[in-house]
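Asker: this is a predicted model, with the sequence first.
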Amino acid sequence: MTASRARLFAALTLAALVLNGACKSSDSGPAPETPPNNETQRPPPEEIPPTETYEPSAKDAIARSVDERLQTYHSPHGLVYAAFYREAGAKNLLKWEGVADSALWSGTYLAAQAFRFRVTQDARDLDGLRRTLEAVRKLSSINGDGLLARHFFPVNDPTVDAYLFDNADFGNVIRKNFEGTEYYYLTRTSRDQYAGIFFGLSVTYSLINDAGVRSTVRDIVTRLTE
């Protein structure tokens, strides 16, 4: 028997002994009650009581302005990119940048929108969340094999040259018709992109008590996990 097999046999034997002991313990009488703690007392997401009434302040107007600017200039098609312009006032787009990390930042932004809507209960924030969630759904589906894509971009978008400019070094951008639209997209997706996406999905499912949103989240998580 090799050393590795011997270690495996020993581990399995130990596990069997532990399980056998656990079974005998359970036969001797009822298990002691588990002391209450915060985890066992916490209600499931749909039963979390609503937050206190939100009263907008001057800072809320600033935050909303920043969010609207992000969606208008830095979030084409629901994904989050960095945008660079040749002129002040967001005119004459030079290039998109950080495109290869857009899954990470889009997932983070999805979580931010979930937190925001949970506080404000403003329909605009829920609409923004759904827009980003739809983009995440496409990232999880466009490759067709359950693997997450880094980003996607419509081939016929007026700013597609700026998109291709940022992806010139990759050389592996894929072109595909997906759900009736021709897209460019990129795979070779790293762990940090998955971390951002799963973070956004988990926060969204926990905070947003909406059947459609939760169904979409479940579908995405199942697809990526399998």
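Answerer: Cool, the structure landed.

Asker: which residues sit in contact with the spatially most central residue of the chain?
Answerer: Geometric centre of the chain, nearest residue: residue 197, 2.4 Å, by CA atoms, centre = their mean. Neighbouring residues of residue 197 by CB atoms under 8 Å, 6 or more residues apart in numbering: 103-104, 106-107, 136, 139-140, 148, 220, 224. Where you see a C-beta, it was placed from the backbone N, CA and C, and this is true even at glycine.

Asker: drop anything exposed from the residues you listed.
Answerer: Among the contacts of residue 197, those buried by neighbour count (16 or more other CB atoms under 10 Å) are 103-104, 106-107, 136, 139-140, 148, 220, 224.

Asker: take the residues you listed and lay them out in TSV including pLDDT and secondary structure.
Answerer: Listed next are the buried ones among the contacts of residue 197 as TSV, based on pLDDT from 0 to 100; DSSP: H, G, I helix; E, B strand; the rest coil:
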residue	pLDDT	secondary structure
103	95	helix
104	96	helix
106	96	helix
107	97	helix
136	97	helix
139	96	helix
140	96	helix
148	95	coil
220	97	helix
224	95	helix
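
Asker: now render these as TSV, adding distance to residue 75.
Answerer: Shown next, in TSV, are the buried ones among the contacts of residue 197 (distance: CB to CB, whole Å):
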residue	distance to residue 75
103	13
104	14
106	8
107	13
136	12
139	14
140	18
148	18
220	18
224	21
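
Asker: which members of those residues are the farthest-apart pair?
Answerer: 104 and 220 (15.3 Å; CB to CB).

Asker: so the residue nearest to the centre of the chain is in which element?
Answerer: Under the criterion of DSSP states H and E, residue 197 resides in helix 191-207.

Asker: now do the SS call for residue 83.
Answerer: Here residue 83 is strand, with the state taken from DSSP: H, G, I helix; E, B strand; the rest coil.

Asker: run a quick neighbour tally on it.
Answerer: 19 (other CB atoms under 10 Å).

Asker: was I right about it contacting residue 73?
Answerer: Yes. Counting by CB atoms under 8 Å, residue 73 is a contact partner of residue 83 at 5.2 Å.

Asker: my guess is residue 213 meets residue 129, correct?
Answerer: Yes. With contacts counted by CB under 8 Å, residue 213 reaches residue 129, the gap being 7.2 Å.

Asker: who's more crowded, the two?
Answerer: Legend: neighbour count by other CB under 10 Å for residue 213 and residue 129, higher for residue 129 (25 against 19).

Asker: show the contacting residues for that one.
Answerer: 110, 113-114, 117, 204, 208, 213.

Asker: joint contacts of residue 213 and residue 129?
Answerer: With CB under 8 Å, 6+ apart, residue 213 and residue 129 have common neighbours residue 204.

Asker: now, which of the contacts of residue 197 sits nearest residue 162?
Answerer: Checking the contacts of residue 197 one by one against residue 162 (CB to CB), the nearest turns out to be residue 106, at 17.8 Å.

Asker: would you map the helices across the protein?
Answerer: Under the criterion DSSP state H, the chain contains helices at 3-27, 38-41, 58-73, 102-120, 123-141, 160-166, 191-207, 211-225.

Asker: I'd like to know how many residues surround residue 124.
Answerer: Neighbours of residue 124 (other CB under 10 Å): 13.

Asker: which non-adjacent residue is nearest residue 162?
Answerer: In this structure, residue 162 finds its nearest non-sequential neighbour in residue 95, 4.6 Å apart by CB to CB, 6 or more residues apart in numbering.
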